[in-house]
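In: pasted the sequence and its predicted model underneath.
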Number of protein chains: 2
Amino acid sequence: MACFSFITYASIYERHSHIHALASHHHSVVVAIAMEAEAAPLIQHLSLKLNPQFFSPKSPFLAYQGTHESCNLTVITNGKDAVHGTGVDNVGTIPAALATYLALEKLDAQEETKVDLLINAGTCGGFKAMGAEIGDVFLTTAVANHDRRIPIPGFTGYGIGKVNSTSVEKLAGEINAKLGVCTTGNSLDAHDVDHLHMGENEASVKDMEIAAIAWSCELHQTPHFGLKVVTDIVDGDRATQEEFMENLGTAAKSLQEALPKVIEYICGRSHDEL
Amino acid sequence: MACFSFITYASIYERHSHIHALASHHHSVVVAIAMEAEAAPLIQHLSLKLNPQFFSPKSPFLAYQGTHESCNLTVITNGKDAVHGTGVDNVGTIPAALATYLALEKLDAQEETKVDLLINAGTCGGFKAMGAEIGDVFLTTAVANHDRRIPIPGFTGYGIGKVNSTSVEKLAGEINAKLGVCTTGNSLDAHDVDHLHMGENEASVKDMEIAAIAWSCELHQTPHFGLKVVTDIVDGDRATQEEFMENLGTAAKSLQEALPKVIEYICGRSHDEL
């Protein structure tokens, strides 16, 4: 009987400390990155390995996995376009939402790989009116869409689709990042109507994926935030595509520096410490 | 030995006739419909039953299944928005692409349910310059996006994302439908830049889902086409949302009449006969 009690206490203790470990420290983190070139430095830095069995061969997506300190890391990218035969990276909301959904579905199926944080990392446009400059690193406070205009009662809010990010104020201080809303649309450029809606979203930065990624995260109750590096100024005088191509190198370098610091900071800490 | 030969011939014959049956007649058809109200008459007409195990409870999507003549039918809808708390139908490209991908992934996993045709049915805007009138039924010849502008070499074609539909000319004659390109965007309305790109796509009709659905179908090598009923005139004088609300009843009736005829026609026939 004494022995039985001992076993019971031991297993309760073990179970509690397991729950505590799960609740307090990040142990399974996904980093969703649209373009292969944006992801390559992180994959190399952390010596992550391609897992060709992770996604179905029907999908174009790629997953790289490895461990860092106490963390299991999965970097997912959207792969290349074979459907339209262009061979370019599958940018935009549709592949991003799908890759995120499939990754979370797979990892959440087992308790030991269940994802407790997803970071969407990549380049973005910045609004100088909100203090953004080329090369700046932004962490998101919220995300929303600016190109889903549905002027029917109820549908308007769905179209905008605003979602709050996990609070990461301490992390922003730690890596000297700015904080702000990221607004998402499927176009690299922006016209007058887009500018109106980006303004209404109170955006500091603009990308082509994060609102879709956040939607898939919300379906899985997975905490999420974005780490975005500014390649071009949306409310500036120059065409986005010119500036984007010119500053991609600088921004990629900022991303390359910031991302490992973020992983480092997160892997030893709980949500409350971000 | 004679017996062995007999068995061998019989099994070859059986296998060939099985392949022939698969190749010649549709036996597993998916109908993807964004809004619940658009799907309800078909579900009722064919006495399809909700299959609550079809999609993961993490997703908002719904699947209704049943048989019609020699066909296994699965009607999928995008469900209601719980993420943003609006409760409206999950319209637009992201839920449509995801629901389609997940349905094809599930059904294609088993040879006997492998999908050999997907139909995207729903309402659309019509271009009077291309001969479209309120209540018209259109079958798609191709689909493309008009709100994914990425002016970087290679990415432009990916953004437009044109995909040809399965040829359905005979079917169009049979049900008195018009044929044309459907252009997709995440907004119900359309501004000048959208009009420019819809024109470049040579669109007869405009919707909010089909190019995304076609992308998921292409990933699974599933033949697909759209059946679209016109609720409003895109190049007319009136605001889309006004006309849409006013004509939804008429268009829903056209859809309600056309869709069972299409199912009826398809289920006894091969791709070549469409």
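Out: Cool, got the structure.

In: and the strands in the stretch 151-274 of chain A?
Out: Along the stretch 151-274 of chain A, counting by DSSP state E, counting those that start in this stretch, strands occupy A:163-164, A:178-184, A:203-207, A:224-233.

In: of all those, which one is nearest A:His191?
Out: strand A:203-207 (12.7 Å; C-beta to C-beta). C-betas here are computed from N, CA, C, even on glycine.

In: and the closest one, does that touch chain B?
Out: No: judged by C-beta under 8 Å from any C-beta of the partner chain, strand A:203-207 makes no contact with chain B; its nearest approach is 12.8 Å.

In: now do that strand, average pLDDT.
Out: The pLDDT scores in strand A:203-207 average 98.

In: again, but for stretch A:58-69
Out: Here the average pLDDT along stretch A:58-69 is 95.

In: hmm, who's touching it?
Out: With contact meaning C-beta atoms under 8 Å, 6 or more residues apart in numbering or on different chains, stretch A:58-69 is reached by A:36, A:39, A:43, A:46-51, A:54-55, A:72-83, A:90, A:95, A:98-99, A:102-103, A:263-264, A:267-268, B:101, B:104-105, B:108, B:219-220.

In: and if you look at stretch A:186-193?
Out: Stretch A:186-193 has contacts (C-beta under 8 Å, 6+ apart) with A:92-93, A:125, A:146-147, A:149, A:194, A:198, A:206, A:208, A:234, A:239-241, A:244, B:145, B:147-152, B:155, B:159, B:186, B:191-193.

In: any idea how far apart the tips of stretch A:129-145 sit?
Out: 19 Å (C-alpha to C-alpha, to the nearest Å).

In: also stretch A:84-93?
Out: 16 Å.

In: any idea how far it is from the chain center?
Out: Its chain's average C-alpha position is 19 Å from that of stretch A:84-93, according to C-alpha atoms, centre = their mean, to the nearest Å.

In: right, is it up against chain B?
Out: Yes: counting by C-beta under 8 Å from any C-beta, chain B has neighbours in stretch A:84-93: A:His84, A:Gly85, A:Thr86, A:Gly87, A:Val88, A:Asn90, A:Val91, A:Gly92, A:Thr93.

In: let's have the residues you listed in a markdown table, adding pLDDT, distance to A:Ala214 and neighbour count.
Out: Conversion of those to a markdown table gives the following (pLDDT from 0 to 100; distance: C-beta to C-beta, whole Å; neighbours: other C-beta atoms under 10 Å in any protein chain shown):
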| residue | pLDDT | distance to A:Ala214 | neighbour count |
| --- | --- | --- | --- |
| A:His84 | 96 | 26 | 19 |
| A:Gly85 | 94 | 30 | 8 |
| A:Thr86 | 96 | 26 | 19 |
| A:Gly87 | 97 | 28 | 10 |
| A:Val88 | 97 | 24 | 18 |
| A:Asn90 | 98 | 18 | 26 |
| A:Val91 | 98 | 16 | 24 |
| A:Gly92 | 98 | 15 | 28 |
| A:Thr93 | 98 | 10 | 29 |
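
In: closest to A:Ala252 among these?
Out: Checking the residues of stretch A:84-93 next to chain B one by one against A:Ala252 (C-beta to C-beta), the nearest turns out to be A:Val91, at 15.1 Å.

In: how about the closest one, what does it touch?
Out: Taking C-beta under 8 Å, 6+ apart as the criterion, A:Val91 is in contact with A:Ala34, A:Met35, A:Asn78, A:Met208, A:Glu209, B:Ile150, B:Phe155, B:Tyr158.

In: got a winner among the residues you listed for most neighbours?
Out: Counting neighbours by other C-beta atoms under 10 Å in any protein chain shown, A:Glu209 leads those with 31 neighbours.

In: just the strands in the stretch 1-150 of chain A please.
Out: Along the stretch 1-150 of chain A, counting by DSSP E, counting those that start in this stretch, strands occupy A:28-33, A:49-50, A:62-68, A:71-77, A:117-126, A:137-145.

In: just the buried ones from the contacts of stretch A:58-69?
Out: Among those, those buried by neighbour count (16 or more other C-beta atoms under 10 Å in any protein chain shown) are A:39, A:43, A:46, A:48, A:54-55, A:72-79, A:81, A:83, A:90, A:95, A:98-99, A:102-103, A:263-264, A:267, B:101, B:104-105, B:108, B:219-220.

In: so of the contacts of A:Val91, which ones are in helices?
Out: With DSSP state H as the criterion, helices contain B:Phe155, B:Tyr158 from among the contacts of A:Val91.
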